[in-house]
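Asker: no sequence on this one, just coordinates:
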């Protein structure tokens, strides 16, 4: 079975489309109340919605300022490194990068619940992920698509090496 060589392209396409879609709705938490401000239906000022590109551009700041809730952003460079490695550089490294990107992406929203992100420089307001939107799911789908490709390539390589060993044994028996 030949591995579908289009899967990395599909992964890149999903990754790009995810950056232009609404990704996550955050709830603002104030210093004095410690409850989400947008909990009441008549007060929508407590929630904020970000697109994927906004999350990517602002996520680097969370990593630079060592906010544990922003560590899910690391899935982006890990995903890009896995794509580069899938291009023929090293399939062992592509496994490591793909698995690391999947773990970081899966934990991304949970980390913001456990460790809220600072919304302002004074630490008065924080952001907690309230709901993933379509951009987040497309972003995760791009990581899963690449993981499926890496697993399929590994499986195909195992089958080809196993078939090569069996073919070599059969030819030796004919002599």
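Answerer: Now that the structure is in, tell me what you want to look at. Every value quoted in this text rests on a predicted model; they were computed, and no experiment measured them. Numbering: from 1, shown residues only.
Asker: please make it C-alpha for all contacts and neighbour counts, starting now.
Answerer: OK.
Asker: what comes up buried for stretch 102-120?
Answerer: Buried residues in stretch 102-120, counted by 16 or more other CA atoms under 10 Å: 102, 104-105, 108-109, 111-112, 115-118.
Asker: I'd like those as TSV, with secondary structure appended.
Answerer: Shown next, in TSV, are the buried residues of stretch 102-120 (DSSP: H, G, I helix; E, B strand; the rest coil):
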residue	secondary structure
102	helix
104	helix
105	helix
108	helix
109	helix
111	helix
112	helix
115	coil
116	coil
117	strand
118	strand
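Asker: wait, which of these is closest to residue 18?
Answerer: The closest of the buried residues of stretch 102-120 to residue 18 turns out to be residue 105 (CA to CA; 13.1 Å).
Asker: residue contacts, the closest one?
Answerer: 72-73, 75, 140 (CA atoms under 8 Å, 6 or more residues apart in numbering).
Asker: quick check, central residue of this structure?
Answerer: The chain has residue 105 as the residue nearest its centroid, 3.5 Å off, counting by CA atoms, centre = their mean.
Asker: from residue 75, how far out is that one?
Answerer: According to CA to CA, to the nearest Å, residue 105 and residue 75 sit 5 Å apart.
Asker: what helices or strands is the lengthiest helix in the chain leaning on?
Answerer: Ranked by residue count under DSSP state H, the longest helix found in the chain is helix 134-174. On a contact count with 3 or more CA pairs under 8 Å, 6 or more residues apart in numbering; DSSP states H and E, helix 134-174 meets helix 7-19, strand 22-29, helix 91-114.
Asker: so which of these is the most surrounded?
Answerer: Most buried of the helices and strands packed on helix 134-174, by mean neighbour count (mean count of other CA atoms under 10 Å): strand 22-29, with a mean of 23.
Asker: what packs against the next helix or strand after it?
Answerer: Using DSSP states H and E, the helix or strand that directly follows strand 22-29 along the chain is strand 47-51. Packed against strand 47-51 by the contact rule (3+ CA pairs under 8 Å, 6+ apart) you find strand 22-29.
Asker: show me what secondary structure element comes after the helix or strand bottoming out on mean pLDDT in the chain.
Answerer: Ranking every helix and strand in the chain by mean pLDDT, DSSP states H and E puts strand 117-118 at the bottom, with a mean of 74. As assigned by DSSP H and E, the chain's next helix or strand after strand 117-118 is strand 126-132.
Asker: how near is the spatially closest residue to residue 111 that is not a sequence neighbour to residue 126?
Answerer: Among residues not flanking residue 111 along the chain, residue 69 sits closest, at 4.6 Å (CA to CA, 6 or more residues apart in numbering). Using CA to CA, residue 69 is found at 11 Å from residue 126.
Asker: between the two, point out the one with more neighbours.
Answerer: residue 69 (25 against 20; other CA atoms under 10 Å).
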